[in-house]
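Peer 1: 3D model of this:
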Amino acid sequence: MKLALVTPPFNLLEEGYGTKKYSKYGAYPPLGIGYIGAVLENAGFEVIIIDSQAQPLNKEQIVMKLAEFHADAVGISAVTACADSACDLAAFIKNKLNIIVFMGGPHPTCFPETIYRDVNNIDFLVLGEGEATVLEILKVLNNKGKWSTVDGICFLDKDKNLVRTKSRNVIGDLDTILPPARHLYNQSLYHPIPNLYRQLPATNMITSRGCPYGKCAFCYQAGKIGQPYRRHSPERIISEIKNLIKQYGIREIAFWDDNFVISHDWIKKFCNILIEEKLNITWSCYSRVDMVNRETLGILAKAGCWSIFYGLESGVQSLLDLVDKGITLAQGETAISLTHEAGIETRGSFMLALPGENPALAKKTIDFAIKLNLDSAQFLATYPEYGTKLYEKAMPAGKFMKYHGRHGVTYVPEGYKDASEVAKMIKYAYLRFYLRPAFFLKYLKKIRNLSDFSKFFEGFKMVLGIAYNK
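Peer 2: This next block holds a predicted model:
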């Protein structure tokens, strides 16, 4: 049996970051379907990955590749940002090819009803972790069994009623799963965003699943389908890194865990092994500001970490409290200061147009970003996702528009006149942060060769593209 795992058409730079240029940047391998592919290949199925976002491909070109492969089934991976595209692709494939079409990923897991509201001929949805579920489904299909016997899926019965099977237990020991099937990716398609890497080739990794916090008001998984936090052992992650170096010559890794700096004992052991093995890679990660201290940052830097991305969200304490982030402005200032002291660069993410915000408060957030002296910052229009606590808070305090990318204006709080005023504030934030003499001077001091200059120049052009939506 032949299975294709597909990402739906979605331009990360244009739809995700708000710029139509430089689409060759920003793509990393889609690890979720890589894990599924590894399990299926190990069980004897023939698998291909079609990453239409990195290539890029439209739905007609995807169908051509499916036909050339003679696929018996296709699995589409969907996050909320590309949910409309995923549904459109699923319907198009069902119309053109007589094969099984299913969908998995965060969006169908969170909102299966909305998927079937838009497309009622998707054969089934995979809810939650898919490794065991997809394998079981294919075995059922091979034996012409009943889907209703498989845990962790939903589908429409003959009367178009939504049927959910029993929830599947999460994978307790992550070390028992296979690493992503990296050989299924076309490695030449992937390139990080300028200024967000030190060395090439670079790739991404994930060391954990679930979230130990479960409080943030803007996160659906925190409030509705939160999974227990689990993590690979340091030894398993080191083994994967060694394989990436050996097979693909990888020199840099972007760790995509939402919160990498969790459990100082784990971090210490991982970093010490990296140092002892002399793997000489550079790497970046994400962290909360309340999880770092001088000792931890010191060992991170010594082990090759050169950049940490922090979710700072706002420069107004009352708005931080509104989103239940559980941090203070003082903690943010301390974390950024200590990170710089350790010689690690900082990136920060901020949400503009939160419920209760107005242009004056937005400028306080921008001032805060500048005060922190971050190495880079992103300013995103708030998207109160349906089903979150933030959505409930936002409903009576503003108006909603259709979601169209992370930089699109989806919500307008009462403090703003209209969507254009929110868009202007985002543009103002980027221009004010990046067009400062102090920012240019900081980067000019880092330029040591032509490659550094090229990265800085390309990164600066990208920022202007985001600011002006071009």
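Peer 1: hey, let's count contacts and neighbours off CA atoms from now on
Peer 2: Will do.
Peer 1: where are the low-confidence patches of this structure?
Peer 2: 12-25, 214, 220-226, 403-407, 460, 469-470 (pLDDT under 70).
Peer 1: Using the record's assignment, carve it into domains.
Peer 2: Structural domains assigned to the chain are 2-164, 195-468, following automatic domain parsing.
Peer 1: how distant is the first one from the center of its chain?
Peer 2: Between the mean C-alpha point of domain 2-164 and the mean C-alpha point of its chain there is a distance of 17 Å (Cα atoms, centre = their mean, to the nearest Å).
Peer 1: Give me the buried stretch members for the helix or strand harbouring residue 457, please.
Peer 2: Assessed by DSSP states H and E, residue 457 sits inside helix 450-468. Using 16 or more other Cα atoms under 10 Å as the burial criterion, the residues of helix 450-468 that qualify are 452-453, 455-456, 459-468.
Peer 1: Could you single out the nearest of those to residue 431?
Peer 2: Nearest to residue 431 out of these is residue 467 (Cα to Cα; 6.8 Å).
Peer 1: Neighbours of the residue nearest to the closest one when sequence neighbours are not counted, how many?
Peer 2: Closest residue in space to residue 467, ignoring its immediate chain neighbours: residue 427 at 4.5 Å, by Cα to Cα, 6 or more residues apart in numbering. If you count neighbours by other Cα atoms under 10 Å, residue 427 ends up with 18.
Peer 1: Residue 427 and residue 468 touch, don't they?
Peer 2: Yes. Using Cα atoms under 8 Å, residue 427 is in contact with residue 468, at 6.7 Å.
Peer 1: Show me what the helix or strand where residue 380 lies is packed against.
Peer 2: Assessed by DSSP H and E, residue 380 sits inside strand 376-381. Under the contact criterion of 3 or more Cα pairs under 8 Å, 6 or more residues apart in numbering; DSSP states H and E, strand 376-381 touches strand 345-352, helix 419-434.
Peer 1: Can you say which of these is packed in most?
Peer 2: Stretch with highest mean neighbour count among the helices and strands packed on strand 376-381: strand 345-352 (a mean of 21; mean count of other Cα atoms under 10 Å).
Peer 1: and the angle from that one to strand 376-381?
Peer 2: 10 degrees (axes from the mean of the first three to the mean of the last three Cα atoms, to 10 degrees).
Peer 1: Listing partners with orientation, what would you give for strand 345-352?
Peer 2: Sheet pairing of strand 345-352 (DSSP bridges) gives strand 305-313 (parallel), strand 376-381 (parallel).
Peer 1: next helix or strand past it?
Peer 2: Immediately after strand 345-352, counting by DSSP H and E, sits helix 359-371.
Peer 1: Using PDB, list the CA coordinates for that following helix.
Peer 2: This file holds the C-alpha atoms of helix 359-371, laid out as PDB (Å, rounded to 0.1, in the frame of the first residue of the first chain):
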ATOM      1  CA  PRO A 359      -2.700  52.700  20.300                       C
ATOM      2  CA  ALA A 360      -1.200  54.300  23.400                       C
ATOM      3  CA  LEU A 361      -0.800  51.000  25.100                       C
ATOM      4  CA  ALA A 362       0.600  49.400  21.900                       C
ATOM      5  CA  LYS A 363       3.300  52.100  21.900                       C
ATOM      6  CA  LYS A 364       4.200  51.100  25.500                       C
ATOM      7  CA  THR A 365       4.800  47.500  24.200                       C
ATOM      8  CA  ILE A 366       7.000  48.800  21.400                       C
ATOM      9  CA  ASP A 367       8.900  51.000  23.900                       C
ATOM     10  CA  PHE A 368       9.400  47.900  26.000                       C
ATOM     11  CA  ALA A 369      10.800  45.900  23.100                       C
ATOM     12  CA  ILE A 370      13.300  48.700  22.400                       C
ATOM     13  CA  LYS A 371      14.200  49.100  26.100                       C
END
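Peer 1: so how many other residues sit close to residue 401?
Peer 2: Residue 401, neighbours per other Cα under 10 Å, totals 12.
Peer 1: ok, which stretches of the stretch 101-250 of the chain are helices?
Peer 2: In the stretch 101-250 of the chain, the helices defined using DSSP state H, counting those that start in this stretch lie at 106-110, 112-118, 131-142, 220-223, 234-248.
Peer 1: Just the residues contacting the following helix or strand past the last one, thanks.
Peer 2: Translated: helix 234-248. Next in sequence after helix 234-248, counting helices and strands by DSSP H and E, comes strand 252-255. Contacting residues not belonging to strand 252-255 are listed as 197-207, 281-286 [Cα atoms under 8 Å, 6 or more residues apart in numbering].
Peer 1: thinking residue 410 is in contact with residue 402, fair?
Peer 2: Yes. At 5.9 Å, residue 410 and residue 402 qualify as touching, with contact defined as Cα under 8 Å.
Peer 1: between the two, which one's more packed in?
Peer 2: For residue 410 and residue 402, the more surrounded residue by other Cα under 10 Å is residue 410, and the numbers stand at 21 against 9.
Peer 1: Grab the nearest non-local neighbour of the more buried one.
Peer 2: residue 401 (4.7 Å).
Peer 1: and residue 262, backbone torsions?
Peer 2: Dihedral angles of residue 262 (phi, psi; degrees, to the nearest 10) stand at phi -130, psi 140.
Peer 1: so it makes contact with residue 289?
Peer 2: No. Using Cα under 8 Å, residue 262 is not in contact with residue 289; the gap is 11.2 Å.
Peer 1: Those two: who's more crowded?
Peer 2: Neighbour totals were compared for residue 262 and residue 289, and residue 289 leads with 23 against 15 (other Cα under 10 Å).
Peer 1: List the buried residues of stretch 53-70.
Peer 2: For stretch 53-70, by 16+ other Cα under 10 Å, it's 53-57, 59, 62-63, 65-66.
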